[in-house]
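S.K.: got a sequence here, can you model it:
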Amino acid sequence: MAGAGVLEVTDATFEQEVLQSEQPVLVDFWAVWCGPCKAIGPVVESLAATYAGKLKVAKVNVDQNAASPSRYGIRGIPTLLFFKGGKVVEQIVGFKSQEELEAAVQRAIA
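M.R.: Numbering: from 1, shown residues only. Below is the predicted model of the structure:
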């Protein structure tokens, strides 16, 4: 269900795609049944297009991949984690506006 420029990440690929990434990474933890996740999806895809080359954008389906959300204490979705150098630098829980997410991206890529 990832759109253009958005990478589907699994527990098996999380280490390589997110933690070892040279670029900052925005990870969207979501599920098919989650209404707010569907609402924020287009915003996440827009960020992926806008910041292509500066920010890697990934999605993790929490129903199919339990280890990664558990590792980061994800209790509610959507949760967006910003990683830089393999470490979480910011966490956003719940639906936020495009402006709020853009501000978080700017901090992550600074």
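
S.K.: who touches the helix ranked longest in the chain?
M.R.: In the chain, taking DSSP state H as the definition, the longest helix is helix 35-50. The contact list for helix 35-50 (C-beta atoms under 8 Å, 6 or more residues apart in numbering) reads 1, 3-6, 26, 28, 30-31, 55, 57, 59, 77-78, 80, 94-98, 101-102, 105. Heads up, the C-betas are built off the backbone N, CA and C, glycines and all.

S.K.: out of those, which end up buried?
M.R.: 5-6, 26, 28, 30-31, 55, 57, 59, 77-78, 80, 96, 101-102, 105 (16 or more other C-beta atoms under 10 Å).

S.K.: out of these, list just those in strands.
M.R.: 6, 26, 28, 30, 57, 59, 80 (DSSP state E).

S.K.: would you format those residues as a markdown table with distance to residue 49 and pLDDT included?
M.R.: Output for these, formatted as a markdown table (distance: C-beta to C-beta, whole Å; pLDDT from 0 to 100):
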| residue | distance to residue 49 | pLDDT |
| --- | --- | --- |
| 6 | 9 | 92 |
| 26 | 12 | 97 |
| 28 | 14 | 97 |
| 30 | 18 | 97 |
| 57 | 9 | 97 |
| 59 | 14 | 97 |
| 80 | 16 | 97 |
